[in-house]
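# Build me a model:
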Amino acid sequence: AFFGVSLEALLGLPETDISAASGRVTIPVFGRAEAGAGILNFDQAPIDHIQKPEYLETVDGCYAVMVAGESMEPRFFAGEILIVNPFRAPRKNDFVVVQYKQKNDLLAVAKRFHRFTKTHLFLGELNPDNEIKIAASCIEAVHYIASIRAV
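Sure, this is the predicted structure:
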């Protein structure tokens with residue numbers, strides 16, 4: 001605790017939130033990739049915790065995702081950490097993390113927000129330039145990406 005390192009980290013196990021032991025406020029990092037371009041499984045435990053950025057100090061529910069795949073290059077690269085503010089409403093062309101249900105899984109993707117209609121959410125990919133849509137009935141959340149942290 002003195003060095004801000006958990007027992008799990010020392011043993012090479014998935015880490016739990018060490019904020020209480022270290023005095024730091026941390027946020028979870030999700031990043032277990034599923035089949036498909038940049039799709040993450042949000043039903044899994046976080047893969048890590050990172051220090052919460054000061055500019056989000058008063059915002060509850062912040063989290064981060066590790067980029068998987070190349071569908072958003074050159075904006076996001078595989079392995080980068082996207083820090084998410086779940087309370088800022090996205091605007092057209094903002095970059096967002098979309099959480100959605102598929103069968104019994106909660107999945108997530110990082111894409112560019114185009115529009116939300118009664119029937120679908122339309123998102124943009126950069127590599128290749130493509131518009132994708134997800135049924136509105138499957139959408140759990142659309143969260144604004146506040147920043148990128150290079151690894």
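
# Just want the most central residue of this structure.
Centroid-nearest residue in the chain: residue 65, 3.0 Å away (criterion: Cα atoms, centre = their mean).

# just the helices in this structure please.
With DSSP state H as the criterion, the chain has helices at 7-11, 19-22.

# The ones you listed: lowest mean pLDDT?
Mean pLDDT is lowest for helix 19-22 out of the helices of the chain, coming in at a mean of 48.

# the bottom helix or strand of this structure by mean pLDDT?
In the chain, the helix or strand scored least confidently by mean pLDDT, DSSP states H and E is helix 19-22, which has a mean of 48.

# so where do the strands sit in the chain?
Per DSSP state E, the chain carries strands over the ranges 26-30, 40-41, 48-51, 63-66, 81-85, 95-102, 105-116, 120-126, 129-135, 139-149.

# Out of these, which gets nearest to residue 75?
Nearest of the strands of the chain to residue 75, taken as Cβ to Cβ: strand 120-126 at 5.7 Å. All C-beta atoms are positioned from the backbone trio N, CA, C, and that covers glycine.

# buried sites along the closest one?
Neighbour counts over strand 120-126 (16 or more other Cβ atoms under 10 Å) mark 120-121, 123-126 as buried.

# What is the nearest of the residues you listed to residue 84?
When the buried residues of strand 120-126 are ranked by distance to residue 84 (Cβ to Cβ), residue 123 comes first, at 15.2 Å.

# sorry, back to before: select from the strands of the chain the stretch with the lowest mean pLDDT.
strand 40-41 (a mean of 84).

# Touching that one from outside, list them.
When contacts are defined by Cβ atoms under 8 Å, 6 or more residues apart in numbering, strand 40-41 is touched by residues 30-34, 65-66, 68, 105-109.

# Buried only: go through those for me.
30-31, 34, 65-66, 68, 107-109.

# Out of the residues you listed, which is nearest to residue 149?
The nearest member of these to residue 149, counting by Cβ to Cβ, is residue 66 at 9.9 Å.

# How about the contacts made by that closest one?
So residue 66 contacts 29-31, 40, 47-48, 79-82 (Cβ under 8 Å, 6+ apart).

# can you count the residues close to the residue nearest to residue 141 when sequence neighbours are not counted?
Excluding its sequence neighbours, the residue lying closest to residue 141 (Cβ to Cβ, 6 or more residues apart in numbering) is residue 99, at 4.4 Å. Residue 99 has 21 neighbours, counted by other Cβ atoms under 10 Å.
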